[in-house]
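Chemist: Show me how the following folds:
(chains A and B)
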Amino acid sequence: GAVVSQHPSRVICKSGTSVKIECRSLDFQATTMFWYRQFPKKSLMLMATSNEGSKATYEQGVEKDKFLINHASLTLSTLTVTSAHPEDSSFYICSARGTGRYEQYFGPGTRLTVT
Amino acid sequence: DAKTTQPTSMDCAEGRAANLPCNHSTISGNEYVYWYRQIHSQGPQYIIHGLKNNETNEMASLIITEDRKSSTLILPHATLRDTAVYYCIVRVEVYTSGTYKYIFGTGTRLKVLA
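Modeler: Numbers count the residues shown, from 1 in each chain, chains lettered A, B, ... in the order given. Take a look at the predicted model:
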């Protein structure tokens, strides 16, 4: 149980374009989903927290207009990187927390490369 | 605002116990300690968590000092597949939204040697 998937696993896009990453909880309802980014050999940095049906809460320094988060259902959240630039290249990981639970279950990650 | 410090790397012989320390001297009374591990280019995997009592499950044991300023994750019989980065995490409450978030430490790269 507690499986989280992400799609795509890898994506390459051109500078200036937008890319959408999906995060799904496959066997539980996720009241809260989290988005992290991770640079090579670094730890995970929380970008934002989203609760189903409400606006995401962004961490300090994360541009909400650049990283659009939608959590429209209890099993799906999306992260859209708008007007991507090479410095946005990173490993993006989502996690989900179920109702009444505190531990987060992580997706396998999406590697974004902006050329 | 990292709340944990961990050694950068450790080696452990296969079959021996791996003891991974973590300092969290600024932890608050209601903040839990979580441990996850990450194998290269995958999402982190949950291992164990605790508040103040020692905890054990099928994967590991968690020893938390009485003052809660540090903890140790113990893998009792390390195997080659335990080679990974181990993160010590403090779960903090976000009062403005009534939710919780993880503050990741820098992680310990554990290498299990044959």
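
Chemist: Which residue, other than its chain neighbours, is closest to the spatially most central residue of chain A?
Modeler: Using C-alpha atoms, centre = their mean, the residue of chain A that lies closest to the mean C-alpha position is A:W35, 3.7 Å off. On the basis of C-beta to C-beta, 6 or more residues apart in numbering or on different chains, the spatially nearest residue to A:W35 that is not a chain neighbour turns out to be A:M47, at 4.6 Å. Placement of C-beta: from N, CA and C, glycine included.

Chemist: try A:S5
Modeler: With C-beta to C-beta, 6+ apart as the criterion, A:S5 has its nearest non-adjacent residue at 5.0 Å, and that residue is A:R24.

Chemist: Also B:Q45?
Modeler: Take B:Q45 and drop its neighbours on the chain: the residue closest to it by C-beta to C-beta, 6+ apart is B:R37, 5.5 Å away.

Chemist: go on, B:C22?
Modeler: If the residues on either side of it in the chain are set aside, B:C22 comes closest to B:C88, at 3.5 Å by C-beta to C-beta, 6+ apart.

Chemist: which helices and strands does the helix or strand encompassing that neighbour pack with?
Modeler: Element membership of B:C88 [criterion: DSSP states H and E] is strand B:84-94. Secondary structure elements in contact with strand B:84-94, counted by 3 or more C-beta pairs under 8 Å, 6 or more residues apart in numbering or on different chains; DSSP states H and E, are strand B:18-23, strand B:32-38, strand B:70-75, strand B:99-104, strand B:108-113.

Chemist: which residues touch residue 82?
Modeler: Assuming you mean chain A. When the contact criterion is C-beta atoms under 8 Å, 6 or more residues apart in numbering or on different chains, the partners of A:T82 are A:18, A:65-68.

Chemist: my question was about chain B
Modeler: B:12, B:18, B:37, B:75, B:110, B:112.

Chemist: and if you look at B:V94?
Modeler: Going by C-beta under 8 Å, 6+ apart, B:V94 touches A:49, A:57, B:100-101.

Chemist: ok, 6 Å please
Modeler: With contacts taken as C-beta atoms under 6 Å, 6 or more residues apart in numbering or on different chains, B:V94 has the following neighbours: B:K101.

Chemist: Next one: it relative to B:P7, how far apart?
Modeler: For B:V94, the distance to B:P7 (C-beta to C-beta, to the nearest Å) stands at 29 Å.

Chemist: Leaving out chain neighbours, which residue sits closest to the residue of chain B found nearest chain A?
Modeler: Taking C-beta to the nearest C-beta as the measure, the point where chain B comes nearest chain A is B:G43, at 3.5 Å. Taking C-beta to C-beta, 6+ apart as the measure, B:G43 lies nearest to A:F106, with 3.5 Å between them; neighbours along the chain are not counted.

Chemist: That'll do, ta.
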